[in-house]
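Colleague: Mind folding the following:
(4 chains)
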Protein chains: 2
Amino acid sequence: MVAMLEVTDVSAAACCAPLVREPLGAVDAERLARTIKALADPTRLRLLSIVAASEGQEACVCDLIEPVGLSQPTVSHHLKVLTESGFLTRSKRGTWAYYKLAPASLDEIARTLLAG
Amino acid sequence: MVAMLEVTDVSAAACCAPLVREPLGAVDAERLARTIKALADPTRLRLLSIVAASEGQEACVCDLIEPVGLSQPTVSHHLKVLTESGFLTRSKRGTWAYYKLAPASLDEIARTLLAG
DNA sequence: ACTCGATATTGACAGCCGTCGATATTCGGT
DNA sequence: ACCGAATATCGACGGCTGTCAATATCGAGT
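Modeller: Numbers count the residues shown, from 1 in each chain, chains lettered A, B, ... in the order given. Have a look, this model is predicted:
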């Protein structure tokens, strides 16, 4: 069985010049768009804000399912997307998986959108 | 012929608390996601950055088609999306349509993503 | 070892979205 | 009035994505 290594930009976030400074190249635009796309979903925004508002900016999956009102696989899916794009980090403790806000990630795209 | 009035949130942008402060409600999340989704496309990011880097942060469609390398209808479509979500404003002068950066729009989502 | 509970993965399906060609509209010039 | 140029709209098509049910995995306790 071959280990199918998914290449994801865990590096997260920005990538480039402040957006309004100089024209974005095709490659940079693609990268930035992929990161922003991870935020462009109501469920993921809610998950992110719930995690961010939790103690230590950390929450386990079990605490997230009920608030967003979706199935457990769907929540797991969204958490994966947020983690792979660098907005959350995952740590497993016992049977539970805790997701924590990656502090710099939001600041970074925010700074990219700003004038500079 | 009936005038089909499309109701779009020209108001643009943010909508709510700073995202990491308190859990986002379903309605707010939907609104914010719709705005962010307008940014979550490489072509639209490039268009936005080209416009922003132009003289007076303004450019006509004819100047935008060649740089992004897509068809004129597609470029028009993207400009419409950006305009309807409040990131650009449109003004027609003669045969030409000029799109201009809406100054506060980017700042507003940036501020929403930031901690507070 | 077995079971149970928490989470992740898979497969399928519907709806959305980016793209294009064709066409409509609108405006300036002749 | 007509023609041509710039832009917008329409219709279609393929690919992506959010969702779920079913199933797999993994860890803890008995």
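
Colleague: near chain B, which residues of chain A show up?
Modeller: Within chain A, the residues that sit near chain B (Cβ under 8 Å from any Cβ of the partner chain) are A:19-24, A:26, A:29-30, A:32-33, A:36-37, A:39-46, A:48-50, A:52-53, A:57, A:67, A:101, A:106-107, A:109-111, A:113-115. For every residue, glycine as well, the C-beta is placed using N, CA and C.

Colleague: Nearest spatial neighbour of A:Ala38, chain-adjacent residues omitted?
Modeller: Leaving aside its chain neighbours, A:Ala38 sits nearest to A:Ser85 (3.7 Å; criterion: Cβ to Cβ, 6 or more residues apart in numbering or on different chains).

Colleague: Can you get me a residue count around that neighbour?
Modeller: Using other Cβ atoms under 10 Å in any protein chain shown, A:Ser85 has 24 neighbouring residues.

Colleague: circling back: contacting DNA strand D as well, which ones from the residues of chain A next to chain B?
Modeller: Taking Cβ under 7 Å from any atom of the strand as the test, DNA strand D is in contact with A:Lys37, A:Ala40, A:Asp41, A:Thr43 out of the residues of chain A next to chain B.

Colleague: Next, count neighbours for the third one.
Modeller: The burial count assigned to A:Asp41 is 20, neighbours taken as other Cβ under 10 Å.

Colleague: wouldn't it be in contact with B:Ala33 here?
Modeller: Yes - using Cβ atoms under 8 Å, A:Asp41 is in contact with B:Ala33, at 5.6 Å.

Colleague: Flag every buried residue along the helix or strand of chain A with the lowest mean pLDDT.
Modeller: Lowest on mean pLDDT, DSSP states H and E among the helices and strands of chain A sits helix A:103-113, with a mean of 94. In terms of neighbour count (16 or more other Cβ atoms under 10 Å in any protein chain shown), helix A:103-113 has its buried residues at A:Ser105, A:Leu106, A:Asp107, A:Glu108, A:Ile109, A:Ala110, A:Arg111, A:Thr112, A:Leu113.

Colleague: and the next element down the chain from the helix or strand hosting A:Lys80?
Modeller: Using DSSP states H and E, A:Lys80 maps to helix A:72-84. As assigned by DSSP H and E, the chain's next helix or strand after helix A:72-84 is strand A:88-93.

Colleague: tell me the phi and psi of the closest residue in space to A:Ile50 that isn't next to it in sequence?
Modeller: With sequence-adjacent residues excluded and distances taken as Cβ to Cβ, 6+ apart, A:Ile50 is closest to B:Pro23, at 4.7 Å. With angles defined as degrees, to the nearest 10, B:Pro23 sits at phi -50, psi 130.

Colleague: Pull up the gap between B:Pro23 and DNA strand C, please.
Modeller: 18 Å (Cβ to the nearest atom of the strand, to the nearest Å).

Colleague: what about that residue, neighbour count?
Modeller: Residues lying near B:Pro23 (other Cβ under 10 Å) number 19.

Colleague: quick one: contacts for it?
Modeller: A:Arg46, A:Ser49, A:Ile50, A:Ala53, A:Pro67 (Cβ atoms under 8 Å, 6 or more residues apart in numbering or on different chains).
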